[in-house]
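Sequence below, structure please.
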Amino acid sequence: MMKFKQLTDKLSAIRPNNVMICEWSGLSMQAAVFNKAGKKLQVQATASSDSIDPAVAFSQILSSLRTQGWQGKHVIVLTPSVMSALVELPVSPKKPKPINQMHELIRWEVEPLLMQHQLQWTLGQLMESHGMLSPEQVLEINQAQKQLKQEANKGERSRRFGEVALEFGYVTREQAQSLFVVQDWLRGEDDEVQCGWSAQGEVDDAPGVWNWLSTATHQSVVSKWHELCQDYKLQLEGLMPLTGNSVALIDRAEKHLVLLETTEFITTSSHLKRDHIVSVQHYVNRSASMLDACLEVFHAENTQHPGIVLAAPPESLPSLRGSLGSALASEPDLVMFDERDGLSPGMFAAGRLFFGMKGARKISSVRPGGPLPPTWHRTETQAVALVAAMLVLIVISEVTMSVQYAAINKEKTEIDERAAVLDAAVDRIKKQRGAIDKQKAELEEQKESQRRMEARLEFFGQSLPERALLVQAILGVLQNNINKQIIVSRVDEMGRRATVQPAATPLNKPGIVETDNFNIDAWALTESAAQEFVQNMKLSIAAWDMEVRDIQVIEKAGPMNLAGYSVSLSLVRVIPQSEVEDKQA
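You can find the predicted model right below:
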């Protein structure tokens, strides 16, 4: 007999229990292995590399993690080449479009923003970010390029930024070549855009339009990281932006707040309102300090916020928090994450997204092959559901069999001893029961015959004449109130119709019972004719203890596409409850 614990162990083995989160800032790379312990994340191992080539840095980090005992295969990469943006779509999160349509809608909105994002990774910007050039030197080289372009002949090729920087002696050829590698990993080719998305709240000033936080990058960028992971037999789960992910560490944001997340390379501000992201701002630091970058994106929001939350690398957090508090005259709060391991809050946010923990639905990643289908449509979900169903059936069967087996063994001896006595008693009871059942059947047949006779008399003697008279009266009322401007298209008794507006009078008056209901659909050539028809109906049916309810007069094209008004109403017969009780008595 298979034990319950063995089955649950095999079922849990299907789900990944750890993930490697790799963060490449464009300057260096660090990684950590996370696993889920209850409702929290635990760090199993960490590694870092200062190699400027991300492929070399990835190899060094993976070797270090393998040495520390990690044998997993799932990887998520945080990289500046992925951007996040807030787009507005007329798509409700409760009724999303199919994945292909959603991807096309998101791509259409994000592609121009991604193009601007990619244009930031110029060689001059990278040299400035890596401290090889000052802003003044970058400006000097740009001006020299323009001057050389004006002086050169039309047939000559314009001088590149790196060539001019080499001529000025600001950088070496080795430094320039290393940044070409970085630029190649940051910039995507002008190919297909891959996206991920997460639903936010409805736009305040645009009913029917919702905010969607999208993440996007080029397919060539995804392919590079995917191929790099495949070289080491790893599975790339997705690419995420370097900043902007820490909103997943905020469990609940009831009020307005701005989350400032910064690194040495990029700074992002996320404005949250009622736990939904309503705006996102990005800023490439270049040579600016983290403090200046935070102030830049904060003031770009151009609104008043009651709360400020800061997310930054642990080593810079204390001093940055103090400086930012002095500059804004209000010390910011901090996102909740474990600072002891020296990891960025964005890595913890990526871990929460991988394990589907609380708050992670606010962010998303760019997955190789596109976003996952809805949960129930995934193969692994269906497999888990099937295994779980089989597990439940097996457990129920085993418990039932065990209970039955114990009960049978306990009672078997007593049953054997009383078998003879019981057999005689059973025979006697069967004879008596047969006679009783026969008498019951005869009595029930007589009662049923009597009920049918009473119902027949009630129907032919009272209900049918009253019904015929009521129908004739309604048809007569309609005939008297129809003119050349009114067409009655339908009369039915399908029950009370749903109305757009609430009833003007209470539907259930005390002491009143509704017995009959007729729905009438008509069309009038003019609104005055429609209103006159409704008023005439009210006056005509009052004599028959009926009321007109659920009136709707809507402008609508009629027969032959004529302009007119659709009229719908219900005729409800109401009689005193005492009269109904008298009839029943």
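
pLDDT on stretch 443-463, on average?
Taken as a whole, stretch 443-463 has a mean pLDDT of 79.

buried ones in it?
Residues of stretch 443-463 classed as buried by neighbour count (16 or more other CB atoms under 10 Å): none. Using the backbone N, CA and C atoms, a C-beta is placed for each residue, glycine as well.

Show me which residues of stretch 544-556 are buried.
So for stretch 544-556, counting by 16+ other CB under 10 Å, buried means 545-553.

Turn those residues into CSV, including distance to R456.
Below are those laid out as CSV (distance: CB to CB, whole Å):
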residue, distance to R456
D545, 27
M546, 28
E547, 32
V548, 34
R549, 34
D550, 35
I551, 39
Q552, 40
V553, 44
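
Go through the residues you listed and name the one nearest K538.
Using CB to CB, V548 is the member of the buried residues of stretch 544-556 that lies nearest K538, at 4.8 Å.

excluding its backbone neighbours, what's nearest the closest one?
K538 (4.8 Å; CB to CB, 6 or more residues apart in numbering).

can you list the domains in this protein?
Listed domain ranges for the chain are 40-132+171-372, 418-472, 482-584 (source: automatic domain parsing).

my hunch is that S48 is in a strand, does that hold up?
Yes - secondary structure of S48 (DSSP: H, G, I helix; E, B strand; the rest coil): part of a strand.

burial of it, as a residue count?
Using other CB atoms under 10 Å, S48 has 16 neighbouring residues.

Okay, and which of the buried residues of stretch 544-556 map to strands?
Using DSSP state E, the members of the buried residues of stretch 544-556 that fall in strands are 546-553.

okay, these in CSV with distance to P465 and pLDDT next?
What follows is those, written out as CSV (distance: CB to CB, whole Å; pLDDT from 0 to 100):
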residue, distance to P465, pLDDT
M546, 18, 87
E547, 23, 88
V548, 25, 89
R549, 26, 88
D550, 28, 87
I551, 30, 90
Q552, 33, 91
V553, 35, 91
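
Between all of these, which two are at the greatest distance?
Checking these with CB to CB, the most distant pair is M546 and V553, at 19.5 Å.

So what does the residue nearest to V548 look like in phi/psi?
phi -60, psi -50 (degrees, to the nearest 10).

What is the burial count for it?
15.

Tell me who's in contact with T79.
24, 185-186, 221, 225, 239-242 (CB atoms under 8 Å, 6 or more residues apart in numbering).

6 Å - rerun?
Counting by CB atoms under 6 Å, 6 or more residues apart in numbering, T79 makes contact with W24.

Okay, and the beta partners of it?
P241 (DSSP bridges).

Same question for the one 10 residues further on.
Beta bridges link L89 to W210 when assigned by DSSP bridges.

Report the separation between it and H271.
As judged by CB to CB, to the nearest Å, L89 and H271 stand 19 Å apart.

and if you look at I106?
For I106, the distance to H271 (CB to CB) stands at 20 Å.

A47: neighbouring residues, count only.
22.

from now on call the first residue 387
New numbering, starting at 387: the last item is A433.

ok, it touching Q446?
No - between A433 and Q446 there is no contact under CB atoms under 6 Å: 7.6 Å.

which residues are contacting the helix or strand harbouring E409?
Using DSSP states H and E, E409 falls within strand 404-410. If you take CB under 6 Å, 6+ apart as the criterion, strand 404-410 is touched by 416-421, 440, 458, 460-465, 733, 736-737, 740.

how far is that strand from where the chain is centred?
What separates the centre of strand 404-410 from the centre of its chain is 24 Å, taken as CA atoms, centre = their mean, to the nearest Å.

Quickly run through the sheet partners of that strand, with directions.
Sheet pairing here is set by DSSP bridges, and for strand 404-410 it gives strand 415-423 (antiparallel), strand 460-465 (parallel).

Give the buried residues for that strand.
404-410.

what does stretch 856-872 give?
856, 860, 863-864, 867, 872.

any idea of the mean pLDDT for that stretch?
On average, the pLDDT along stretch 856-872 is 86.

which residues in the stretch 787-936 of the chain form helices?
805-844, 850-867, 913-927 (DSSP state H, counting those that start in this stretch).

So which elements touch the shortest one?
Read it as helix 913-927. Using 3 or more CB pairs under 6 Å, 6 or more residues apart in numbering; DSSP states H and E, the elements in contact with helix 913-927 are helix 850-867, strand 932-941, strand 951-962.
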